[in-house]
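**Student:** Provided below are the primary sequence and the corresponding predicted coordinates.
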Amino acid sequence: MGHPDIDCFRSFWYTYWRSLFYVIDPIEGCTPIIMRITTDLSFKGFREPVGVRSNYVFQRDENMVHHFSYAKSPKKIKEKIATFSHSHQVLPGWFEQVFLKWEEDRGMTDLHPVWRSQYKRAVRIGLEKLPEVMRTHPFVGVDVIR
């Protein structure tokens, strides 16, 4: 990254939805952390580093994380929502009424399993938006992962 003096980087991310060709729009406002591992690194809660010397937040045109969290088979998503840290907050019926039904109604809005309005909609993107390393992934030819 070329910043040896920085301990903590933050970057906006593309959240992929149901395939490698749909992303959540608008982009989420949160910026996940990318840490330099040091012997004195510790965290407050799940994602807040303590004692870092310096932080850097990438601008959207500098760097984006590609987060394929919802670009998985329904079976894998069902496992995810049953085991992730917000599993106790998943809205009743979300898997059947939103995740599965989206394939029939791609104009559906409010897609997030916990805070519906956080994922306003999923929009189609082109192959050129994928990181180069993902352009040969087995799911590249798949419109919706089943």
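**Tutor:** Okay, I see it. Residues are numbered from 1 along each chain as shown.

**Student:** quick one, what contacts T31?
**Tutor:** By Cβ atoms under 8 Å, 6 or more residues apart in numbering, the contact set of T31 is R10, S11, F12, W13, V57. For every residue, glycine as well, the C-beta is placed using N, CA and C.

**Student:** State the distance from the third one to V98.
**Tutor:** Just to be clear, that refers to F12. Distance, F12 to V98, by Cβ to Cβ, to the nearest Å: 24 Å.

**Student:** repeat for the last one
**Tutor:** Taken as Cβ to Cβ, the spacing of V57 relative to V98 amounts to 31 Å.

**Student:** Who has more neighbours out of those two?
**Tutor:** A count of neighbours by other Cβ atoms under 10 Å puts V98 above the other of V57 and V98, at 19 against 12.

**Student:** can you tell me which helix in the protein is longest?
**Tutor:** helix 74-83 (DSSP state H).

**Student:** Can you tell me what sits against that one?
**Tutor:** S69, Y70, K72, S87, V90, W94, F95, F99, L100, P113, R146.

**Student:** what about the second one, how many neighbours?
**Tutor:** A total of 25 residues lie near Y70 under the criterion other Cβ under 10 Å.

**Student:** Let me know whether it touches R18 as I believe.
**Tutor:** Yes: counting by Cβ atoms under 8 Å, Y70 does reach R18; the two are 6.5 Å apart.

**Student:** Overlap in contacts, those two.
**Tutor:** What both Y70 and R18 touch, as defined by Cβ under 8 Å, 6+ apart, is the set F99.

**Student:** Which strand or helix spans F68?
**Tutor:** strand 65-70 (DSSP states H and E).

**Student:** Buried residues, that strand. List them.
**Tutor:** V65, H66, F68, Y70 (16 or more other Cβ atoms under 10 Å).

**Student:** The second one and V123: what is the separation?
**Tutor:** With distances defined as Cβ to Cβ, the gap from H66 to V123 amounts to 15 Å.

**Student:** if we can go back for a sec, dump the longest helix of the chain to CSV, keeping only the CA atoms.
**Tutor:** Extracted C-alpha coordinates of helix 74-83, given in CSV (Å, rounded to 0.1, in the frame of the first residue of the first chain):
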residue,chain,number,x,y,z
PRO,A,74,-29.2,-19.9,-0.9
LYS,A,75,-27.8,-22.8,1.2
LYS,A,76,-24.7,-20.7,2.2
ILE,A,77,-26.8,-17.6,2.9
LYS,A,78,-29.1,-19.6,5.2
GLU,A,79,-26.0,-20.8,7.1
LYS,A,80,-24.6,-17.3,7.2
ILE,A,81,-27.7,-15.7,8.7
ALA,A,82,-28.0,-18.5,11.2
THR,A,83,-24.5,-18.0,12.5
